[in-house]
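Colleague: Just to be clear, the model below is a prediction. Sequence and coordinates:
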Amino acid sequence: DSGTSLIYGPKSSVRIINERLGATAKGLVPCEGHHPDVHVILTNEDGVKKPFILTAKEYILNEGGVCVSAFKPMASSHEPFWILGDVFMQKIYT
């Protein structure tokens, strides 16, 4: 359990992702229209890369007709890292 439903990452990276998704500065996205798949590549300790693909249905949250991106910036961090919450784990963990 990551302790969150969302995907948190470095501010600059999340800003770029959300811009490509057509999100506003607050993470709001149009509920309708085409939204690209987001490719996440994780590398294990042996250097083996494993790709995962999140679809718009998985990373856009519809909250009473208002749609928001599940990608959120971390408040602050000395090292860039990601917290892959329920949005991601539901995709890969069964």
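Modeller: That came through fine. Numbering: from 1, shown residues only.

Colleague: What is the least confident helix or strand in this protein?
Modeller: helix 86-92 (a mean of 81; mean pLDDT, DSSP states H and E).

Colleague: show me where the protein has helices.
Modeller: Remark: helices assigned in the chain by DSSP state H are 11-20, 56-59, 86-92.

Colleague: Keeping just the C-alphas, turn the last one into CSV.
Modeller: Backbone C-alpha positions of helix 86-92 (Å, rounded to 0.1, in the frame of the first residue of the first chain) are rendered in CSV as follows:
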residue,chain,number,x,y,z
ASP,A,86,-3.7,3.1,-6.4
VAL,A,87,-4.2,4.4,-10.0
PHE,A,88,-1.0,2.6,-11.0
MET,A,89,-1.2,-0.4,-8.6
GLN,A,90,-4.7,-1.4,-9.7
LYS,A,91,-3.3,-1.7,-13.2
ILE,A,92,-0.5,-4.1,-12.3
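
Colleague: buried set for it?
Modeller: Within helix 86-92, the residues scored as buried using 16 or more other Cβ atoms under 10 Å are D86, V87, F88, K91. Every residue, glycine included, has its C-beta placed from N, CA and C.

Colleague: I'd assumed Y59 was in contact with the last one.
Modeller: What it means is K91. No. Using Cβ atoms under 8 Å as the test, K91 is too far from Y59 to be in contact (9.3 Å).
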